[in-house]
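>>> Next input, structure requested:
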Amino acid sequence: MRAALGSAHLEGVYLTTDDPELKAIAQTLGIEVLDRPDSLAGPDTTLDEVTAHSVKQLESQGIHPEMVVTLQPTCPLLSSLSIDRAVEKLIREPNLDTVVSVVKDTHLEWALSEDGTPVPNYKARVNRQYLPPKFRETGAVVACQRKVIDEGSRFGRDIGMLELSRMESIDIDDYFDWWLAEKSLRRRRICFHVVGNAALGLGHAYRVLTLADRLIDHELSFVVNEDSQMAAELIRSRYYPVDVVPQGTELAAIRKHQPDLVINDVLNTEASFIDALKSFSRVINFEDLGSGAKVADAVVNAMYTKADLESHNEVYSGIQYCCLRDEFYSITPRPPSPEVKQVLLLFGGTDVSGGTMKLLQWLDAMEGDWAIHVVVGMGYRHLDPLKEQAAQCRHPVQIINDTRVISRHMHQADMAVTSAGRTVFELASLGVPMMVYAQNDRETKHPFAMESHGTIYMGGVENAEKNQFDEAATELISSRLLRNRMHHSLLKENPRGGIDQVLGLIQRHLEDPTLHILSPYETSDHRAPARATTTALPDIGSGREPRRIAVQGV
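Numbering: from 1, shown residues only. I've put the predicted structure just below:
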């Protein structure tokens, strides 16, 4: 009913019913009720008969519509905008007798012959996208010229179709449809603003995709700038919509999606940018140490401490808020090996500090019967020199370049030498004992890397000293007891549980009562439902008097 009230084109809204409860509800909304006789309230009564009866009731009251729009209450997600589109199509195409709402429903179909034998309704078995398009009536809207009804049906000879989205086309026939409708009504709009390129790697993109896969109850969109084509490709590969926009136009691109919540995973932000976002949306930032973090509605900084943002009262920090890549939730940590057989060396996607080659040299100089696996990312610029160095090593060395399944390599490692970024959490989720070096000032703010009983923090890699490395690595490699203690300490921290904490935070912000709630009667510009229902619709292109359009709910 509210979808009809929100329409810009309907002069009168009427409910035809024999149910006293429905009649009372309609009257509280200011909708006039047309009493339906018992003879038209049975299970065999058609909507065409009900419509004809309702129109005659209106005309007996001196109301003479030129068009009649029938809406069914079993389609509660229909929007006012779609009702207006149906009316406008009927006006702009005067040759049409009727406009009916449909949804694209192209599939391989079967029927039964007279003897009950299955018969294909297609000529050749091809992929769905190559089948001729088919459309199914939704029952949501039927708009027709008044003259058509005198012929015994709302459907004249010339029919136009109004294609609806799958959400608006939900038609409640059973309790499963009811469940779908309720889930759809609770949907919110979430826009992910993310970065990812050769210089920064794809960790930010993987994190928001991990969240998105768990938020599919909502309407999701992604925005990246032109420098983040790699992130865009990864997002598209997961079949999510993504807008790639010029640098500096991200705000307009995000606003276009009219989100209820914006999730920024772009590192440092400016306060002016976040203030602009907050003018139309809630805002949650990840790993943000910029001025924008102080004004965001919430900040998740799993790698840092709340002390870095003293003026902010909603900062969620520590390993309990880390979000791992999806691959880590489907792999089980293995027990520690009695001996070290494989050492993993990884310093992020770009390794701007040069730690990989330095520490590979130091590892290879140590005595022992173990292999070294080196992981570098797409932004690593010294691959050829690294391969040359690896070829000269005494220990077997395998170089893994730009892997999309890093969990497999971590799972096989008996210990790791790593930078102090997100890889610390990933290794911790598998219980891999590790030596940790900070690559930059930002990584020195990572308390878990420095204080965990499962890590040995070695300071900054640029100032690393070989004798300190040799001492720590020798103890870790030689002491099975130490590795076991570190393994169990890391698993006790439960980094896998962080995703539930973050999702709970997001849900709390989505449930905030001040947020706009998606409603079936609203258009894409979030306009409120109109209460006045008597605005005349000017005739388009004919010079005649304004049309009178009636709508009925069945």
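>>> for stretch 25-35, how far is the first residue from the last?
14 Å (C-alpha to C-alpha, to the nearest Å).
>>> Could you do stretch 157-175 as well?
One end of stretch 157-175 sits 35 Å from the other (C-alpha to C-alpha).
>>> Check stretch 145-160 too.
12 Å.
>>> quick one: contacts of that stretch?
Contacting residues not belonging to stretch 145-160 are listed as 47-48, 51-52, 55, 64-68, 70, 89-90, 93, 95-100, 142, 144 [C-beta atoms under 8 Å, 6 or more residues apart in numbering]. In short, each C-beta sits where N, CA and C put it, glycine included.
>>> quick one: average confidence on that stretch?
For stretch 145-160, mean pLDDT is 93.
>>> Strands along the stretch 251-400 of the chain, start to end?
In the stretch 251-400 of the chain, the strands defined using DSSP state E, counting those that start in this stretch lie at 261-265, 282-286, 298-301, 315-317, 342-346, 371-376, 397-401.
>>> Columns mean pLDDT, mean neighbour count and distance to residue 179 on top of those, output as a markdown table?
Shown next, in a markdown table, are those (pLDDT from 0 to 100; neighbours: other C-beta atoms under 10 Å; distance: least, C-beta to C-beta, whole Å):
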| stretch | mean pLDDT | mean neighbour count | distance to residue 179 |
| --- | --- | --- | --- |
| strand 261-265 | 98 | 26 | 24 |
| strand 282-286 | 96 | 25 | 27 |
| strand 298-301 | 92 | 25 | 30 |
| strand 315-317 | 89 | 20 | 32 |
| strand 342-346 | 96 | 24 | 45 |
| strand 371-376 | 95 | 22 | 45 |
| strand 397-401 | 94 | 16 | 45 |
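>>> Quick one: the ones you listed as a markdown table, columns for distance to residue 360 too.
Compiled in a markdown table, the strands of the stretch 251-400 of the chain are given as follows (distance: least, C-beta to C-beta, whole Å):
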| stretch | distance to residue 360 |
| --- | --- |
| strand 261-265 | 31 |
| strand 282-286 | 31 |
| strand 298-301 | 31 |
| strand 315-317 | 33 |
| strand 342-346 | 6 |
| strand 371-376 | 6 |
| strand 397-401 | 7 |
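>>> Output the longest strand belonging to this protein.
Counting by DSSP state E, the longest strand found in the chain is strand 135-145.
>>> Now do that one: distance to the chain's middle.
From the chain centre to the centre of strand 135-145 is a distance of 30 Å (C-alpha atoms, centre = their mean, to the nearest Å).
>>> got the buried residues for it?
138-145 (16 or more other C-beta atoms under 10 Å).
>>> Any idea how far apart the tips of stretch 64-84 sit?
Termini of stretch 64-84 sit 20 Å apart (C-alpha to C-alpha).
>>> quick one: which of the buried residues of strand 135-145 is nearest to residue 474?
Taking C-beta to C-beta as the measure, residue 138 is the one of these closest to residue 474, at 71.1 Å.
>>> Give me the spatial nearest neighbour of that closest one, chain neighbours excluded.
residue 169 (4.1 Å; C-beta to C-beta, 6 or more residues apart in numbering).
>>> what do you get for residue 133?
residue 106 (5.3 Å).
>>> What about the one you found, how many residues nearby?
Residues lying near residue 106 (other C-beta atoms under 10 Å) number 14.
>>> do the same with residue 119
The burial count for residue 119: 10, using other C-beta under 10 Å.
>>> where does the stretch 451-554 of the chain have low pLDDT?
513-554 (pLDDT under 70).
>>> Centroid-wise, who is the farthest residue in this protein?
Here the chain reaches farthest from its C-alpha mean at residue 60, the gap being 51.8 Å by C-alpha atoms, centre = their mean.
>>> wait, what's in contact with the residue nearest to residue 138?
By C-beta under 8 Å, 6+ apart, the residues touching residue 169 are 75, 101-103, 136, 138, 140.
>>> Mind checking which of the contacts of stretch 145-160 are buried?
For the contacts of stretch 145-160, a burial check counting by 16+ other C-beta under 10 Å picks out 47-48, 51-52, 55, 65-68, 70, 90, 96-100, 142, 144.
>>> can you list the domains in this protein?
According to automatic domain parsing, the chain is divided into the following domains: 2-108+116-174, 187-317, 332-497.
>>> so which of those domains comes closest to residue 181?
That would be domain 2-108+116-174 among the domains of the chain, by C-beta to C-beta, at 5.2 Å.
>>> Tell me the secondary structure at the residue nearest to residue 138.
Secondary structure assignment for residue 169 (DSSP: H, G, I helix; E, B strand; the rest coil): coil.
>>> Repeat that for the one 4 residues further on.
Secondary structure of residue 173, reduced to three states by three-state DSSP: coil.
>>> Run a quick neighbour tally on it.
Number of residues near residue 173 (other C-beta under 10 Å) recorded here: 10.
>>> Quick check: closest non-adjacent residue to it.
Nearest residue to residue 173 in three dimensions, chain neighbours excluded: residue 74, at 7.0 Å (C-beta to C-beta, 6+ apart).
>>> thinking the one you found is in contact with residue 172, fair?
Yes - counting by C-beta atoms under 8 Å, residue 74 touches residue 172, with 4.5 Å between them.
>>> Same drill for the two, tell me which one is more crowded.
residue 172 (19 against 16).
>>> ok now do the more buried one, which residues does it touch?
When contacts are counted by C-beta under 8 Å, 6+ apart, residue 172 touches 74-76, 178, 181.
>>> how far away is it from residue 72?
As judged by C-beta to C-beta, to the nearest Å, residue 172 and residue 72 stand 9 Å apart.
>>> Quick check: residue 288 touching residue 298?
No - between residue 288 and residue 298 there is no contact under C-beta under 8 Å: 10.4 Å.
>>> Out of the contacts of residue 169, flag the one nearest to residue 265.
residue 103 (34.2 Å).
>>> What is the distance between the helix or strand that residue 57 is a member of and the centre of its chain?
Assigned by DSSP states H and E, residue 57 belongs to helix 47-60. Distance, stretch centre to chain centre, for helix 47-60: 45 Å (C-alpha atoms, centre = their mean).
>>> what's it in contact with?
Against helix 47-60 from outside (C-beta under 8 Å, 6+ apart): 12, 14, 16, 34, 36-37, 40, 64-65, 68, 70, 72, 142, 146, 149, 152-154, 550, 552, 554.
>>> Work out which residue lies at the spatial centre of this protein.
The chain has residue 220 as the residue nearest its centroid, 3.1 Å off, counting by C-alpha atoms, centre = their mean.
>>> Do I have it right that that one meets residue 212?
Yes - the pair residue 220 / residue 212 is scored as a contact, 5.4 Å apart, by C-beta under 8 Å.
>>> quick one: common contacting residues for those two?
Both residue 220 and residue 212 are contacted by 192, 240, under the criterion C-beta under 8 Å, 6+ apart.
>>> picking up where we left off before, state the mean pLDDT of the next helix or strand after the helix holding residue 57.
Using DSSP H and E, the next helix or strand after helix 47-60 towards the C-terminus is strand 67-71. Taken as a whole, strand 67-71 has a mean pLDDT of 95.
>>> Relative to strand 67-71, what are the paired strands and their orientations?
In the sheet, strand 67-71 lines up against strand 135-145 (antiparallel), strand 549-553 (parallel) (DSSP bridges).
>>> The helix or strand that that strand is followed by relative to strand 67-71, how many degrees between them?
Heading C-terminal from strand 67-71, the first helix or strand you meet, by DSSP H and E, is helix 80-92. Helix 80-92 runs at 150 degrees relative to strand 67-71, counting by axes from the mean of the first three to the mean of the last three C-alpha atoms, to 10 degrees.
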